[in-house]
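In: sequence unknown, structure follows:
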C-alpha cells in the first residue's frame, strides 16, 4: 500500500473519522475528546471487536473500500485514531 | 469400559478441515493430534485458546487421547485465568497467538511437520464417560458454573445437531464466524465435523470481505455458521457473495426481516439454533417459517412454576432454562422472553447480579449498579450502562478495574459517576428511576 501520505492529509482527516466513530458507536463524547494517538482498545477508548465491525461498515460506506483482516495488520490499523485515519487516507476510493 | 470413536461418519481419507494451504484428511488430523499429544505436559486439563479452528481441533483431540478435559470459560479475563488455575490445578494453556496466559503453564502450539506424521490406520476411541470438555457460564449467583460434558454426550450432541439440519445425507463445508471455544461454535463447527460428516474452514473470518473470501476458498455445498450481528454486517456491506447453501444463526434473537433478507440475498435457507451452554443446542427452526421451535431428537421439556427444564438426549441431567417458554406439544415450543436478571450480549451471557457484584467490590466504589436499556435494536448490540458513586475514583480508574473482572462486551457505555443512586425507601432501585437517569446521560442522534 502507498504510505506516501503527507502527515497534514492524515491530520486534516482526523476530526471527520473521530466524528464517524462517535456517531457509529453512539459514544457519549465529543470528537475532540478522542486523542489521536491513544489506543482505541483497552486502556484508551475501550473498544471491542463488535465496535470494530460497526466502524468497518461505516468506513466502507463513507470511503468506498472494504477492510480485510488477512492482508493488513488489524491490530495496527485500530491501534489509534491516527493509525485508522492513515489507513483510510491510503485506501479510500471516495 | 464403553468407548466411542473420536470421529464418526467419516472415513480416514475424507476431508475434515480446510486450511489456507489446502485440505486436511481425517488421517492427517489424527496424526497431528498424536504428535501434539506426545508434547503435552502431564496434567488433567487443557485451556485451549487457539484462534485457529484447526489448531483448536488438534488440541482438543490430543486432550481426548491423553485424558485431558478441554476448559472453555465464558471469558478469558485475568480474573478467570486465576480462578481456573486455582480450581483446576495442572491446567496447561495451549496458545497460538500472543495470548496473555498469566501464571498458567503454557504450551505454544508447535510446528507440526507433515513428514513427521505417523501413518494412522484407525480412528481411535475414547471412554464414553471421560470428561471431554467443561463449558462455563457466569451463573446468576456470580460464581462461574462449570458444566461437564462427557465424550458420550458430546458425540450425541454432534449427531443430533447434524440430524436436525439433515447434514448426514449432504455433508457441507463449514465456515464459522464464531469462536470455536464458545458452545455454539464448538457444536456447530467442530462437532458437526467430527460427527456430522462435515468439514470446516480453519479460519474465523471477521470482516464481510473476509467471510466472502473464506467461502470462496472452500468447496460447495457451504454452510455459514454465524450470528445476527455478523450476518447483518455481511448483508449491509453489499459486496459480491460466493454461493452459500445453508445459513445458521444463534446466540441472539434474529429478526424475521433480517432472516428474510438473508435468504433472499443468498438463496440459502436460514436456520436458527436455540440452546445454552448448560444444555447444548436443543432446538432448531427456519426463521421465515414462523416462531415455533422444533426440539432436537430425544430432548424433552418440562415446566415447574415459571421455569422450564430440559433433559434427555445429549443433556447432562436436567437443566433449567434461562428463557420463558410456551410449550405447544412434545416437540415444539415458542420463546416468550428472558428471565429478568439474565443478560445476553453478542452471545455472551451474564446476569445483572454478577455484574453488580463485580463492580461493587472494586475498592473505592461506594455504590454502583448496571443497567440494561430497553431500546434494543433488532439484530444490533445493546450496550449496558452503569451508574457509580465513587468520589475518589475517575471513570478511567473504574474502567481499568472492571476490565480485569468482566468481559469486554459487558463494559458499561456510558459509565456515569453520580452523587447518589436513586434508591427508594427500601433500598431498591426502581427501574423507571434508572431509565430516567440513563436517558439524561445518553445521546440519541
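Out: Thanks, I have the structure now. No experiment lies behind these values; they were computed from the predicted model shown.

In: show me what contacts the residue nearest to residue A:93 when sequence neighbours are not counted?
Out: Excluding the flanking residues, the one nearest residue A:93 by CB to CB, 6 or more residues apart in numbering or on different chains is residue A:64, at 3.9 Å. The C-beta positions use only the backbone N, C-alpha and C, and glycine is treated the same way. By CB atoms under 8 Å, 6 or more residues apart in numbering or on different chains, the residues touching residue A:64 are A:92, A:93, A:94.

In: how about a cut-off of 10 Å?
Out: A:91, A:92, A:93, A:94 (CB atoms under 10 Å, 6 or more residues apart in numbering or on different chains).

In: what would those residues look like in CSV with pLDDT, secondary structure and neighbour count?
Out: Output for the contacts of residue A:64, formatted as CSV (pLDDT from 0 to 100; DSSP: H, G, I helix; E, B strand; the rest coil; neighbours: other CB atoms under 10 Å in any protein chain shown):
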residue, pLDDT, secondary structure, neighbour count
A:91, 92, helix, 18
A:92, 93, coil, 13
A:93, 92, coil, 6
A:94, 85, coil, 7
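
In: which helices and strands does the worst-scoring helix or strand of chain A on mean pLDDT pack with?
Out: Scoring the helices and strands of chain A by mean pLDDT, DSSP states H and E places helix A:74-77 at the bottom, with a mean of 79. For helix A:74-77, the packing partners by 3 or more CB pairs under 10 Å, 6 or more residues apart in numbering or on different chains; DSSP states H and E come out as helix A:49-63, helix A:81-91.

In: swap the cut-off to 6 Å and go again
Out: With contacts taken as 3 or more CB pairs under 6 Å, 6 or more residues apart in numbering or on different chains; DSSP states H and E, helix A:74-77 sits against helix A:81-91.

In: buried ones in the helix it packs on?
Out: By neighbour count on 16 or more other CB atoms under 10 Å in any protein chain shown, the buried set for helix A:81-91 is A:81, A:82, A:83, A:84, A:85, A:86, A:87, A:88, A:89, A:91.

In: Equivalent analysis for stretch B:213-223, please.
Out: Within stretch B:213-223, the residues that qualify as buried are B:213, B:214, B:215, B:217, B:218, B:222, B:223, counting by 16+ other CB under 10 Å.

In: Format those as JSON lines; extra columns: secondary structure and pLDDT.
Out: Compiled in JSON lines, the buried residues of stretch B:213-223 are given as follows (DSSP: H, G, I helix; E, B strand; the rest coil; pLDDT from 0 to 100):
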{"residue": "B:213", "secondary structure": "helix", "pLDDT": "96"}
{"residue": "B:214", "secondary structure": "helix", "pLDDT": "97"}
{"residue": "B:215", "secondary structure": "helix", "pLDDT": "98"}
{"residue": "B:217", "secondary structure": "helix", "pLDDT": "97"}
{"residue": "B:218", "secondary structure": "coil", "pLDDT": "97"}
{"residue": "B:222", "secondary structure": "strand", "pLDDT": "98"}
{"residue": "B:223", "secondary structure": "strand", "pLDDT": "98"}
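
In: overlap between these and the residues near chain A?
Out: Contacts with chain A are made by none of those, judged by CB under 6 Å from any CB of the partner chain.

In: Quickly name whichever of those residues is closest to residue B:186.
Out: Comparing the buried residues of stretch B:213-223 against residue B:186 with CB to CB picks out residue B:223 as the nearest, at 15.4 Å.

In: ok, the residue lying closest to the closest one once chain neighbours are set aside - contacts?
Out: Nearest in space to residue B:223, with sequence neighbours left out and distances taken as CB to CB, 6+ apart, is residue B:172 at 3.8 Å. Contacts for residue B:172 (CB atoms under 6 Å, 6 or more residues apart in numbering or on different chains) come out as B:198, B:221, B:223.

In: State the distance from residue B:172 to chain A.
Out: Distance, residue B:172 to chain A, using CB to the nearest CB, to the nearest Å: 23 Å.

In: repeat for residue B:274
Out: Distance from residue B:274 to chain A, by CB to the nearest CB: 22 Å.

In: Run through chain A and note the low-pLDDT ranges.
Out: A:1-4, A:42-44, A:46, A:70-73 (pLDDT under 70).

In: what does it put close to chain B?
Out: Contacts of chain A with chain B, taken as CB under 6 Å from any CB, map to A:23, A:28, A:46, A:48, A:50, A:53, A:56, A:57, A:66, A:67, A:68, A:69.

In: what's the farthest-apart pair in the residues you listed?
Out: Maximum pairwise distance among these (CB to CB): 30.7 Å, between A:28 and A:68.

In: which of the two has more neighbours?
Out: Using other CB atoms under 10 Å in any protein chain shown, the more surrounded residue of residue A:28 and residue A:68 is residue A:68, with 18 against 15.

In: Specify the local secondary structure of that one.
Out: coil (DSSP: H, G, I helix; E, B strand; the rest coil).

In: Could you pull up the residues touching it?
Out: Listed by CB under 6 Å, 6+ apart, the contact set of residue A:68 reads B:207, B:209, B:210.

In: Leaving out chain neighbours, which residue sits closest to it?
Out: residue B:209 is the one closest to residue A:68 (CB to CB, 6+ apart), at 5.2 Å.

In: I'd say the one you found and residue A:66 touch.
Out: Yes - in this structure, residue B:209 is within contact of residue A:66 by CB atoms under 6 Å, at 4.0 Å.

In: Those two: which is more packed in?
Out: Set side by side, residue B:209 and residue A:66 give different neighbour counts by other CB under 10 Å, the larger being at residue B:209 (22 against 17).

In: secondary structure class for the more buried one?
Out: Once three-state DSSP is applied, residue B:209 turns out helix.

In: the strands in the stretch 51-200 of chain B, which residues?
Out: B:69-72, B:91-95, B:106-108, B:125-127, B:131-137, B:145-150, B:173-176, B:199-201 (DSSP state E, counting those that start in this stretch).

In: could I get those as JSON lines with mean neighbour count?
Out: Output for the strands of the stretch 51-200 of chain B, formatted as JSON lines (neighbours: other CB atoms under 10 Å in any protein chain shown):
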{"stretch": "strand B:69-72", "mean neighbour count": "24"}
{"stretch": "strand B:91-95", "mean neighbour count": "22"}
{"stretch": "strand B:106-108", "mean neighbour count": "15"}
{"stretch": "strand B:125-127", "mean neighbour count": "17"}
{"stretch": "strand B:131-137", "mean neighbour count": "21"}
{"stretch": "strand B:145-150", "mean neighbour count": "18"}
{"stretch": "strand B:173-176", "mean neighbour count": "26"}
{"stretch": "strand B:199-201", "mean neighbour count": "25"}
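
In: I'd like the ones you listed as CSV, with mean pLDDT appended.
Out: Formatted as CSV, these follow (pLDDT from 0 to 100):
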stretch, mean pLDDT
strand B:69-72, 97
strand B:91-95, 97
strand B:106-108, 96
strand B:125-127, 98
strand B:131-137, 94
strand B:145-150, 93
strand B:173-176, 98
strand B:199-201, 98
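
In: Fine by me, we can end here.
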